[in-house]
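1. next comes the sequence, and after it the predicted model I'd like to discuss.
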Amino acid sequence: MRTPVATERTDEQLLAQARSEPGSPAAKQAASELLGRYQQRVYAWCLRHVRDHDQALDLAQEVLISAYRNLGSFQERARFSSWLFAIARNRCVSALRRPRLLYEEERDPDQLHGSGPGPAEALEEKLGEEALLELIRTTLSPREQEVVWLRCFERMPVETITRMLGIRQASGARGVLQSARRKLRAALPDLELRLRGAQP
């Protein structure tokens, strides 16, 4: 004779438990169960928008972390799933608008270690376009600035940039981009410290 299966709790029940005693083991378990049931759906949503597996994984993780941190502010005027996918939509829209200065579709060897977003990508998200442009001007050579601008802002193919600028090195514009990204990543910690020091 089979043991009866416990009735699965609804989203509303899990949400109430997660918000009843924030930080308690029971609340954390409820939040984990609630968000866990949407993990694959959030990833699929992000993948449809950004069309890149790794970026979709990163965005899905950001969405779930953001939702967890903001469970207390959820007003319950809509279904939990609607609220969660609104967060996902906003994250995807922001990602698509963001210039890809530090990484691009073809992952370079510097980015193969670690599964989550690194500090460079996290800071890039926080920086405005003005700060990024200033970082480019003060860090990169004129040739690197030109390649980064054409690739990341004008969305020009790497092969076209190589031909247009007459880059003769074997790796073409791709090699220039990789060098530029290394310089930018190396300069980010100092920029972050300056930005923090400028905050009131």
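-> Structure's in. What do you need?

2. name the helix or strand for T7, please.
-> Element membership for T7 (DSSP states H and E) is empty, with no helix or strand holding it.

3. and it, how far is that from S81?
-> Per C-beta to C-beta, to the nearest Å, T7 is found 20 Å from S81. Every C-beta, even on glycine, is put in place using the N, C-alpha and C of the backbone.

4. in the protein, which helix or strand is least confident?
-> Of all the helices and strands that make up the chain, helix 119-126 has the lowest average by mean pLDDT, DSSP states H and E, namely a mean of 48.

5. starting at the chain centroid, how far to the helix or strand following that helix?
-> Toward the C-terminal end, the helix or strand that comes next after helix 119-126 (DSSP H and E) is helix 129-139. Its chain's C-alpha centre and that of helix 129-139 lie 20 Å apart, by C-alpha atoms, centre = their mean, to the nearest Å.

6. what's the following helix or strand after helix 129-139?
-> helix 142-148.

7. helices along the chain, start to end?
-> Here the chain has its helices, by DSSP state H, at 11-20, 25-36, 39-50, 53-69, 80-97, 119-126, 129-139, 142-148, 158-165, 172-198.

8. that older thread, looking at T7 and S81, which one has more neighbours?
-> Counting neighbours by other C-beta atoms under 10 Å for T7 and for S81 shows that S81 has the greater number, 13 against 7.

9. with adjacent residues omitted, what lies nearest to E159?
-> Excluding its sequence neighbours, the residue lying closest to E159 (C-beta to C-beta, 6 or more residues apart in numbering) is G172, at 7.2 Å.
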